[in-house]
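S.K.: Got a predicted structure plus its sequence, pasted below:
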Amino acid sequence: MAVDEQLKIEMAKQGIVATTLQELYNWGRRSSVWPMNFGLACCAIEMIATTMARWDMARFGAEVFRPSPRQADLLIVSGTVTKKMAPQVVRLYNQMPEPRYVIAMGACAISGGPFKQGYNVLKGIDRYIPVDVHIPGCPPRPEALLHAFIELQKRIDAQPLTGEGRPRFLDADAQGEFPVPEPGEHDLEPASNKGVWTVPVVIR
Amino acid sequence: MKTVEEIKVAIEAAVPGAGVEVVQNPGPSGQHSLLLDPSHAIEVARFLRSDAELALDFLSNVTGVDWLDKEVTEKVKVTRPVTKTVDGVEQTAEETVEETRKHMVPGCLEVVYHLYSMEKKHGPLVLRMRTANRTDQVELPSLTAVWRSAEFQEREIFDLFGVVFAGHPDLRRILMWEGFKDHPMRRDYVEPDDFDYEPTAHDAVLARAKAHQAARDAAAAGQEGAGAN
């Protein structure tokens, strides 16, 4: 039962809080996101700076960087994903319990960046795992990471608990484990996960 | 430090039978190097490290170069006898003619070592070694026994260029994974055909992306045609 937004504000002034289970649940989820303590390249330095006193990511409820994927629910892919590292990133993502989210931080993580044409660099981690927020930048400023984090919180807030678009852990049919690419003779096999990544249409 | 020519003389005196050539560098730095004969390379390396005057005890860098087969065109002056008739008398004279000759220089893989001396504070001395060809005879002696710091760098060259270092203690790929077949730093390396999404392609990448797209379109058209039939 939806309560009128204006009415809710009016009631809050009178000391009455009206909410829904979904709002309460999402408020709890978004206010305590535990990122994984996992850095790949120079973006990781900015990620570390974001957690420190000057930018202080703890203000948004994400101060507990967990050193294990089993206790984390946010994977910040911070830096260049080499083809040798990509299977390990997917494996770590697989080991995270639901609900889990991914921020692809920086040019390399979203597309391969300056190393895109290199023989050893993956052209974006979104080829293997679903990414919630992409941040461009080389590296992105800590403010950009905070912005990405706030965007992620907005996404969590807006997620319905039932029906279309509900979180994966409330959907019994949703894919839970993502195939780990195998190192092949010339490239990773497969070169992308077709269920996760489709070739974007370029509008010229 | 001694010049490369002096070092060459010293090496030839210390290691009998060692074939050493000076490779000139025509650039402004004039950093000439020594091309070693692989069969004597370890003795030469031991000499360079332990010689009291050179004492090249620090190997700072090992790298590789891939030289493709190339056709060299050069103009050669040839003297040949020419028979001429001057005033009714036949004379034979020598004449110099310029001739253009072409020949193939076979390709090879080259390994370059940069040596310094911590003790004497001098350097660098640049050493080179070349394999017999680029395909099957790619073995060179490892200098890890002389300079320990060569170990990882020789592994890197093995990985990226495919030079096999005989006598290396642990010759495995270091950057690419086990089971990877190519040598990415070779000039004829072709990267996997993964050009599905190239939003800002230009130059060589643009050509590859277009070829990839054309092949995909052709495959799609072929499938449609087969479906219609």
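M.R.: Sure thing, it's come through.

S.K.: Can you list the buried residues in stretch A:178-187?
M.R.: For stretch A:178-187, burial by neighbour count (16 or more other CB atoms under 10 Å in any protein chain shown) applies to A:178, A:180-181, A:183-184, A:186-187. Where you see a C-beta, it was placed from the backbone N, CA and C, and this is true even at glycine.

S.K.: how distant is the longest helix seen in chain B from the center of its chain?
M.R.: Taking DSSP state H as the assignment, the helix of chain B that covers the most residues is helix B:203-228. Here helix B:203-228 is found 37 Å from its chain centre; the criterion is CA atoms, centre = their mean, to the nearest Å.

S.K.: same question, stretch B:8-19
M.R.: In terms of CA atoms, centre = their mean, the centre of stretch B:8-19 is set 23 Å apart from its chain centre.

S.K.: Not counting it itself, show me its contacts.
M.R.: B:2, B:20-22, B:34, B:36-37, B:40, B:43-44, B:47-48, B:51, B:53-54 (CB atoms under 8 Å, 6 or more residues apart in numbering or on different chains).

S.K.: Report the two of those separated the most.
M.R.: With distances taken as CB to CB, the most widely separated pair in the contacts of stretch B:8-19 is B:Asp37 and B:Glu53, at 22.4 Å.

S.K.: which one of those two has more residues nearby?
M.R.: Comparing B:Asp37 with B:Glu53 by other CB atoms under 10 Å in any protein chain shown, the one with more neighbours is B:Asp37, at 15 against 12.

S.K.: give me every residue that touches the more buried one.
M.R.: Contacts of B:Asp37 by CB under 8 Å, 6+ apart are B:18-20.

S.K.: one more time with 6 Å, if that's ok
M.R.: B:Asp37 makes contacts with B:Gly19, as judged by CB atoms under 6 Å, 6 or more residues apart in numbering or on different chains.

S.K.: Local confidence estimate at it?
M.R.: Note on B:Asp37: pLDDT of 93.

S.K.: residues of stretch A:159-172 that come out buried?
M.R.: Neighbour-count burial for stretch A:159-172 [16+ other CB under 10 Å]: A:159, A:167.

S.K.: What is the end-to-end distance of that stretch?
M.R.: Stretch A:159-172 stretches 16 Å from its first residue to its last (CA to CA, to the nearest Å).

S.K.: Ok, stretch A:58-65 next?
M.R.: End-to-end span of stretch A:58-65 (CA to CA): 10 Å.

S.K.: buried ones in that stretch?
M.R.: A:60, A:62, A:65.

S.K.: which among these gets closest to chain B?
M.R.: Checking the buried residues of stretch A:58-65 against chain B by CB to the nearest CB gives A:Phe65 as the nearest, at 28.7 Å.

S.K.: Near chain B, which residues of chain A are found?
M.R.: When proximity is defined as CB under 6 Å from any CB of the partner chain, chain A approaches chain B at A:84, A:117, A:119, A:183, A:185-187, A:191, A:199-200, A:202.

S.K.: Make JSON lines out of the residues you listed and add pLDDT.
M.R.: JSON lines is the format used below for the residues of chain A next to chain B (pLDDT from 0 to 100):
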{"residue": "A:Lys84", "pLDDT": "92"}
{"residue": "A:Gln117", "pLDDT": "88"}
{"residue": "A:Tyr119", "pLDDT": "90"}
{"residue": "A:Pro183", "pLDDT": "92"}
{"residue": "A:Glu185", "pLDDT": "91"}
{"residue": "A:His186", "pLDDT": "90"}
{"residue": "A:Asp187", "pLDDT": "90"}
{"residue": "A:Ala191", "pLDDT": "89"}
{"residue": "A:Val199", "pLDDT": "87"}
{"residue": "A:Pro200", "pLDDT": "85"}
{"residue": "A:Val202", "pLDDT": "77"}
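
S.K.: Just the pLDDT for B:Gly225.
M.R.: 68.

S.K.: Then B:Asp87?
M.R.: For B:Asp87, the model assigns a pLDDT of 79.

S.K.: same question, B:Lys2
M.R.: pLDDT, B:Lys2: 88.

S.K.: Which residue ranges of chain A form strands?
M.R.: A:74-78, A:101-105, A:133-135, A:182-183, A:188-189 (DSSP state E).

S.K.: Tabulate the ones you listed in TSV, adding columns for distance to A:Met11.
M.R.: Formatted as TSV, the strands of chain A follow (distance: least, CB to CB, whole Å):
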stretch	distance to A:Met11
strand A:74-78	33
strand A:101-105	32
strand A:133-135	33
strand A:182-183	57
strand A:188-189	55
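
S.K.: residues touching the most centrally placed residue in chain A, list them.
M.R.: Of all residues in chain A, the one closest to the mean position by CA atoms, centre = their mean is A:Val102, 1.8 Å from it. Shown in contact with A:Val102 (CB under 6 Å, 6+ apart): A:75, A:129, A:131-132.

S.K.: same question, A:Gln95
M.R.: A:Pro69.

S.K.: how close does it get to A:Phe178?
M.R.: When distance is defined by CB to CB, to the nearest Å, A:Gln95 is 11 Å away from A:Phe178.

S.K.: ditto for B:Val138
M.R.: On the measure of CB to CB, B:Val138 and A:Phe178 end up 40 Å apart.

S.K.: A:Cys43 now?
M.R.: A:Cys43 is 22 Å from A:Phe178, by CB to CB.

S.K.: can I have stretch A:178-195 written out in CSV, keeping just the CAs?
M.R.: Taking C-alpha atoms only, stretch A:178-195 is exported to CSV below (Å, rounded to 0.1, in the frame of the first residue of the first chain):
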residue,chain,number,x,y,z
PHE,A,178,29.1,-17.2,-13.5
PRO,A,179,31.4,-19.3,-15.7
VAL,A,180,35.1,-18.8,-15.1
PRO,A,181,37.0,-18.3,-18.4
GLU,A,182,39.6,-20.8,-19.1
PRO,A,183,43.1,-19.7,-20.3
GLY,A,184,43.3,-21.0,-23.8
GLU,A,185,46.1,-21.4,-26.4
HIS,A,186,45.7,-17.9,-27.8
ASP,A,187,43.1,-16.1,-25.6
LEU,A,188,40.7,-16.6,-22.8
GLU,A,189,37.9,-19.1,-23.7
PRO,A,190,35.3,-17.9,-24.1
ALA,A,191,36.3,-14.3,-24.9
SER,A,192,33.1,-13.0,-23.3
ASN,A,193,30.1,-14.4,-21.4
LYS,A,194,27.3,-14.1,-23.9
GLY,A,195,24.7,-14.2,-21.1
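
S.K.: burial count for A:Glu143?
M.R.: Counted with other CB under 10 Å, A:Glu143 comes out at 12.
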